[in-house]
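Participant: Fold the following.
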Amino acid sequence: NNIKGIDWNTDDEYEQLKKHNSTVKEAGISFGMPSLAEDIEVCDSVMRLAPETNGEVAHKSWTALSKKTGLDHHHLYAGRHEDKFTFKDIQAQPRKIITAPTWSGIESEHVSYTAGYTNIHEHIPFRTLTGRAHFYQDHEWMLDFGEGFCTYKPMVDLGELNALPKSVTSKPHLALNWITPHSKWGIHSSYQDNLRMLTLFRGGPYVWLSEDDAKSVGIEDNDWVEALNHNGATVARAVVSQRVPRGMAMMYHAQEKTINVPGSPTTGKRGGILNSVTRVIMKPTNMIGGYAQLSYGFNYYGTVGCQRDTMVALHKIADKDVDWLERPLTPEREAQLNPVGVGAK
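Facilitator: Below you'll find the model as predicted:
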């Protein structure tokens with residue numbers, strides 16, 4: 001296995017998965033390999049190979065890093081060497097993960113999880129060209145784009161509000177920049193839609209907007225609203241707050257459309273999620289490869305938020321018009337609701 005310049009061997013864990021998951025019985029290139037036929041088998045495979053959920057793999061990965069740093073880091077996972085998480089374990093209750101070298105914080109009862117902690121306290125070089133906090137980028141692409149240092153680049157107009165349906169343009173609505181930060185109390189979607197969290201806050205998906213913007217179009221706190229553009233649409237409750245500046249809407253990410261989500265009055269389909277109105281956009285400087293920290297890898301590499309150069313039209317949905325889609329949607333009804341093909345692609 002390899003990540004962020006650290007290599008370790010998981011042959012033993014691979015063999016263990018053959019017993020834990022059973023093996024592929026069908027003839028072909030995967031015959032005899034650990035089975036990934038069931039969702040739970042996929043989850044168990046990830047956890048058996050990851051240092052965060054397998055103490056032996058944590059030992060291997062930290063040992064590999066110790067060879068680079070010349071320091072002993074074993075105290076960071078001491079007492080967790082024998083731990084091995086399975087899907088059934090985390091189904092029973094949440095588990096505290098093991099400190100892993102793939103991240104720069106530590107799991108501790110004494111120190112809060114803080115980015116860069118191991119770099120400072122464990123003397124692990126930052127993953128940059130210099131091994132230190134690195135602000136100047138001397139790569140020729142960065143210099144060609146005028147981004148050797150941090151610089152402001154204005155938002156790109158992607159024309160996502162150029163073809164809004166008359167049902168929106170004919171009524172009070174807002175044109176807002178769409179921002180999607182990490183949630184206040186969840187890691188992605190995990191543990192965010194349990195009953196306690198839902199009871200504490202709105203009972204389903206929600207969008208934050210400023211008091212001034214809301215007042216200008218008659219939106220009050222907890223009203224149903226729809227946000228839409230050429231990419232798609234999403235429906236949620238409004239959170240009206242002085243904390244939000246004018247001109248933007250904020251929807252904490254990973255709110256899934258599984259609980260308390262009515263239909264979209266524009267698309268006629270179940271209201272979407274935060275990314276229904278966004279699309280992945282790659283900036284050329286994100287494509288630099290093999291140059292220290294400027295190296296593409298899976299799990300989302302993006303040093304800027306260009307994928308949030310996104311505008312939405314946001315409007316109020318009257319309570320009488322909230323549609324929970326408790327009847328079949330006919331092709332005629334869908335054509336009537338979605339005449340311009342919002343989100344068709």
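Participant: When you work out contacts or count neighbours from here on, use the C-alpha atoms and nothing else.
Facilitator: Noted.
Participant: Figure out how far stretch 122-141 is from the centre of its chain.
Facilitator: Computed by C-alpha atoms, centre = their mean, to the nearest Å, the chain-centroid distance of stretch 122-141 equals 25 Å.
Participant: Pull out the buried positions in that stretch.
Facilitator: Residues 124-127, 137, 141 are the ones in stretch 122-141 that count as buried (16 or more other C-alpha atoms under 10 Å).
Participant: repeat for stretch 228-244
Facilitator: 228-240, 244.
Participant: ranges for the helices of the protein?
Facilitator: Ranges of helices within the chain are 11-21, 39-49, 55-69, 87-92, 117-121, 140-144, 166-169, 195-200, 211-216, 331-337, based on DSSP state H.
Participant: tell me the most buried of the ones you listed?
Facilitator: helix 55-69 (a mean of 20; mean count of other C-alpha atoms under 10 Å).
Participant: helices or strands next to it in the packing?
Facilitator: With contacts taken as 3 or more C-alpha pairs under 8 Å, 6 or more residues apart in numbering; DSSP states H and E, helix 55-69 sits against strand 6-7.
Participant: tell me the mean pLDDT for the strand it packs on?
Facilitator: Mean per-residue pLDDT for strand 6-7: 91.
Participant: Nearest spatial neighbour of Thr118, chain-adjacent residues omitted?
Facilitator: Ser104 (5.3 Å; C-alpha to C-alpha, 6 or more residues apart in numbering).
Participant: Any figure for the gap between Lys269 and Glu326?
Facilitator: Taking C-alpha to C-alpha, to the nearest Å as the measure, Lys269 falls 11 Å from Glu326.
Participant: Among those two, which residue is more densely surrounded?
Facilitator: Lys269 (19 against 8; other C-alpha atoms under 10 Å).
Participant: didn't that one look like it was pressed against Gly263?
Facilitator: Yes: applying C-alpha atoms under 8 Å, one finds Lys269 in contact with Gly263, separated by 5.3 Å.
Participant: Between the two, which contacts overlap?
Facilitator: Leu325 (C-alpha atoms under 8 Å, 6 or more residues apart in numbering).
Participant: Where does pLDDT dip in the protein?
Facilitator: Filtered on pLDDT under 70, the chain yields the residue ranges 185-191, 296-303, 329, 333, 336-345.
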